[in-house]
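Colleague: Fold the following, please.
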Amino acid sequence: MNQAQQSPIRRGPMCSHPGKRITLCNIAEELRCHIFSFLSYSEIILCALTCQTMYKTVKNSTELQYLIELGAQRLMPVHPRPPTVSIAECLRILRDKANAWSSFDLSVTKRLRVPWFFNPKLITITHQKLTLSPWHGRGIMSKVIDIRTCTPETARLPPCRWNKGNANPSPGAYLCYRYLDETQDLVITVYKLSVDTSASDFMYQIHFRTISTDKEHPLAHISCLELTCRVPSKEDRRFQKSEVTVLGGRVAFYHEVQVLIEDIDEIYSYWSLHVWSWCDGGQSDDIYLSGEGYSLFEIRFLTNEKLLSLTSHCCIENYNVEDLSNAPQLQARFRMPLISTQLRFRYPSVFHSTSSCTRLAAPDERWIWTTNPEDRVICVKISRPWSIFVIRAQLFFMDIPPSWFDAASEDKLVVPWSSWGPHNSRYLPLDRDRSSQAVSGVGGSRIMRLVGTRMHMADFNPSAVARGVGKIVREPTTIPTRSMNSFTEDVTTHLPYVEVVNNDREFDGTLWDVILDEEKVLIITLANVANEQAMGVEIIEM
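Modeller: Here you go, the predicted structure:
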């Protein structure tokens, strides 16, 4: 086609002058802001650095400033912005959070007292809801308290008992595990059924009910699921264990049995790991991962696609569970520098997320944010010595470089501590001298821990470190092997953080636990009221 035959170029109003080049600089500022709103916060910053026009556009736009602040703090919204709250107000709240490190105020906004038959370790807070769960196997229904409307008196009311007609398991079954997800009003109870002890299989009943009413959960594919766990051994069984964890519509179930191998007089472990959708159903019996020779101490979802486990070999195992038609896929074993000891995760079992909080109404006065999954921190708590390893969750989202793996390991999936640990973690000792236990709390990118009688807060968010508000800790921490018998090598950690200390209050031996998220802190203390043990719950705004 020659030039005369070519179709004429249609020009809009901004292109009416032949030869004029259209750029972002000579379009309406409102349109520029709209285009920039589709970019990431770092891309918006890069655009602002290109010229004065772009800089003024970004600086003068409250919406773009809000997006930058949200991204810099590694937060994402849980709810759409309420119509009563402006973007300018959201921006102010976020900036106040970022500048809060000049002080660490533990001003109590509300105090509650709850009976001791609730387990202090099973108190959680999510989206203005306080959830209490009883001690294992006590047969008492869990209780949900709305923090905004409750008074100390309402919290003292005795809870209801389980409705035996609705939650009665098969005859001979006994409760062996309970899990609560308050964002979905979900309680999962696991009962082990009485079976022939000479058989290899184990039968479980798993019930999906609501916390608030103890009725069948309306979203459950089936209210009572029977699951068979197969063990390739009939030897003398010495120990059985089951565990459940949930995130959104995913549920993971872990079953373990330890048997006595008479020929060598040793205890040997067999286990299976099942992951399926409790909302959509699935083949939890037929699709599972099995293992033997070691135990999984604990399992936790990191996202719907990622599951972490702590093992008796002192490793953190990272599983891909995205495809529920296949068994969980082990991707890496991150070895820790420890001799075999009891390890526990210390991070929230339930995360705020857009999907899990859809049924909850956004509060009128606040917009709720949550930390991006890859920007959270995960703590592994050890008891000898009392301490925690703070680990960047981003590690488990990486494509692990091949050079990190130990080529000498049997399955080529072991990542030695020296490859991943020093620059992706921080070792922090815990103090048990002044409390009944080593107290620490984890939420988002923040850690609270008791040191002596003072509460210390540490934030591992890179944005908090970059702002330089508070005490910045960049110097590495080294723990020599000879001083800690639990370590296999000298341990040096480098992960930087911001630390502030509350000097207005001292804590004594009544302090039991600390729970926190992006919004609130709960201080759990023990008390004797009318010659009966009770728990005090102090609620503090972040």
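Colleague: just checking, Q394 touches P373?
Modeller: No. Assessed by C-beta atoms under 8 Å, Q394 is found out of contact with P373, at 9.1 Å. C-beta: built from backbone N, CA, C; applies to glycine.
Colleague: Those two - which one has more neighbours?
Modeller: More crowded of Q394 and P373, by other C-beta atoms under 10 Å: P373, with 20 against 16.
Colleague: Can you give me every residue that contacts the more buried one?
Modeller: Residues counted as contacts of P373 (C-beta atoms under 8 Å, 6 or more residues apart in numbering) are L302, T303, F351, A393, F397.
Colleague: can you do 6 Å?
Modeller: By C-beta atoms under 6 Å, 6 or more residues apart in numbering, the contact set of P373 is T303.
Colleague: Just want the phi and psi numbers for it.
Modeller: The phi/psi pair for P373 (degrees, to the nearest 10) reads phi -50, psi -40.
Colleague: any chance you could map the strands in the stretch 251-400 of the chain?
Modeller: Taking DSSP state E, counting those that start in this stretch as the criterion, the stretch 251-400 of the chain contains strands spanning 266-277, 289-292, 296-303, 306-311, 315-320, 329-335, 343-345, 369-371, 377-383, 386-392.
Colleague: Give the next helix or strand downstream of the last one.
Modeller: Using DSSP states H and E, the helix or strand that directly follows strand 386-392 along the chain is strand 414-415.
Colleague: Show me what that following strand is packed up against.
Modeller: strand 329-335 (3 or more C-beta pairs under 6 Å, 6 or more residues apart in numbering; DSSP states H and E).
Colleague: Now do the strand it packs on: distance to the chain's middle.
Modeller: Distance of strand 329-335 from the chain centroid (C-alpha atoms, centre = their mean, to the nearest Å) equals 19 Å.
Colleague: That one pairs with which strands?
Modeller: The pairing partners recorded for strand 329-335 under DSSP bridges are strand 315-320 (antiparallel), strand 414-415 (parallel).
Colleague: in the stretch 351-500 of the chain, what spans have low per-residue confidence?
Modeller: Along the stretch 351-500 of the chain, the parts satisfying pLDDT under 70 run over 351-367, 432-437, 483-484.
Colleague: which one of the strands paired with strand 329-335 lies closest to I188?
Modeller: Across the strands paired with strand 329-335, I188 has its closest neighbour in strand 315-320 (19.6 Å, C-beta to C-beta).
Colleague: Report the buried residues of that closest one.
Modeller: Neighbour counts using 16 or more other C-beta atoms under 10 Å place C315, I316, E317, N318, Y319 of strand 315-320 among the buried residues.
Colleague: Check stretch 487-496 too.
Modeller: By 16+ other C-beta under 10 Å, the buried positions in stretch 487-496 come out as F487, V491, T492, T493, L495.
Colleague: With stretch 318-330 instead?
Modeller: N318, Y319, V321, L324, A327, P328, L330.
Colleague: among those residues, which two are most distant?
Modeller: N318 and L324 (17.4 Å).
Colleague: Quick check: next helix or strand after the least confident helix or strand in the chain by mean pLDDT?
Modeller: Across the helices and strands of the chain, mean pLDDT, DSSP states H and E gives its lowest value to helix 164-167, namely a mean of 44. Sequence order places strand 174-181 as the next helix or strand after helix 164-167, per DSSP H and E.
Colleague: Quick one: the helices in the stretch 51-200 of the chain, in order.
Modeller: 52-60, 62-72, 87-98, 152-155, 164-167 (DSSP state H, counting those that start in this stretch).
Colleague: so can I have JSON lines of those showing distance to I206 and mean neighbour count?
Modeller: Output for those, formatted as JSON lines (distance: least, C-beta to C-beta, whole Å; neighbours: other C-beta atoms under 10 Å):
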{"stretch": "helix 52-60", "distance to I206": "52", "mean neighbour count": "14"}
{"stretch": "helix 62-72", "distance to I206": "38", "mean neighbour count": "19"}
{"stretch": "helix 87-98", "distance to I206": "39", "mean neighbour count": "16"}
{"stretch": "helix 152-155", "distance to I206": "30", "mean neighbour count": "13"}
{"stretch": "helix 164-167", "distance to I206": "12", "mean neighbour count": "12"}
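Colleague: out of those, which comes closest to S290?
Modeller: Taking the helices of the stretch 51-200 of the chain one by one with C-beta to C-beta, helix 164-167 is closest: 30.4 Å.
Colleague: so what pLDDT did R237 get?
Modeller: On the pLDDT scale, R237 is placed at 63.
Colleague: Correction: the previous question concerned Y347.
Modeller: For Y347, pLDDT reads 76.
Colleague: isn't it right up against V442?
Modeller: Yes. Y347 is within contact range of V442, at 4.7 Å (criterion: C-beta atoms under 6 Å).
Colleague: Spit out the residues that contact these two alike.
Modeller: Here Y347 and V442 have C379 as joint contacts, going by C-beta under 6 Å, 6+ apart.
Colleague: where are the low-confidence patches of the stretch 201-350 of the chain?
Modeller: Those would be 231-238, 262-265, 340, 349-350, if you go by pLDDT under 70 across the stretch 201-350 of the chain.
Colleague: go again using 90 as the cut-off
Modeller: Low-confidence segments of the stretch 201-350 of the chain (pLDDT under 90): 201-206, 209-215, 221-243, 247-249, 255-270, 279-287, 292-293, 303-304, 338-350.
Colleague: how about the nearest residue to P480, chain neighbours excluded?
Modeller: Excluding the flanking residues, the one nearest P480 by C-beta to C-beta, 6 or more residues apart in numbering is D490, at 5.2 Å.
Colleague: thought the one you found was touching T481?
Modeller: Yes. Between D490 and T481 there is a contact at 5.4 Å, judged by C-beta under 6 Å.
Colleague: okay, now S309: neighbour count?
Modeller: 25.
Colleague: With Y347 instead?
Modeller: 22.
Colleague: and it, what is it in contact with?
Modeller: Taking C-beta under 6 Å, 6+ apart, we find Y347 in contact with I378, C379, V442.
Colleague: Who wins on neighbours among these?
Modeller: Neighbour counts for the contacts of Y347, by other C-beta under 10 Å, peak at V442, which reaches 24 neighbours.
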